[in-house]
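A.B. asks: Got a predicted model here, sequence first, then my questions.
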Amino acid sequence: MKEPNQGHPTRVRLFIKPHCGWCRQAMAWLDRKGIAYETLDVTSDPKAWDEMLALSGQTLAPVIEVDGQVLADFGEAELSRWWKWDAPSRAS
């Protein structure tokens, strides 16, 4: 699987279920890294559900799409390895 553009991704979308612990971890990781992202709640948005299923082939969350690259059903450790970016937050 190809990693996302590590420097400056142009589009980061995170498909979540609001009560999902892994989804909260993914959002916290992105926030710590200062990465802007769009959150799509697949439990309240049928179009987002359909798109998540089409992208990942599964109904498990979270699913992240970064500039066309997709990682599905992951925890924080998997996200960090996939992104291959342990730099400090750029948000400061």
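C.D. replies: Arrived safely.

A.B. asks: Surely residue 79 is in contact with residue 63?
C.D. replies: No - look at residue 79 against residue 63 with CB atoms under 8 Å: they stay out of range, at 11.1 Å. Every residue, glycine included, has its C-beta placed from N, CA and C.

A.B. asks: For the most centrally placed residue in the chain, which three-state class applies?
C.D. replies: Among the residues of the chain, the one closest to the centroid is residue 64, at 2.8 Å (CA atoms, centre = their mean). Taken by DSSP: H, G, I helix; E, B strand; the rest coil, the conformation at residue 64 corresponds to strand.

A.B. asks: That one and residue 76 touch, don't they?
C.D. replies: No - when contacts are counted by CB under 8 Å, residue 64 is not listed as touching residue 76 (11.6 Å).

A.B. asks: where along this structure do the strands fall?
C.D. replies: According to DSSP state E, the chain carries its strands in the segments 12-16, 38-41, 63-66, 69-72.

A.B. asks: In JSON lines: those, plus distance to residue 30 and mean pLDDT.
C.D. replies: Output for those, formatted as JSON lines (distance: least, CB to CB, whole Å; pLDDT from 0 to 100):
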{"stretch": "strand 12-16", "distance to residue 30": "7", "mean pLDDT": "97"}
{"stretch": "strand 38-41", "distance to residue 30": "10", "mean pLDDT": "98"}
{"stretch": "strand 63-66", "distance to residue 30": "8", "mean pLDDT": "95"}
{"stretch": "strand 69-72", "distance to residue 30": "12", "mean pLDDT": "94"}
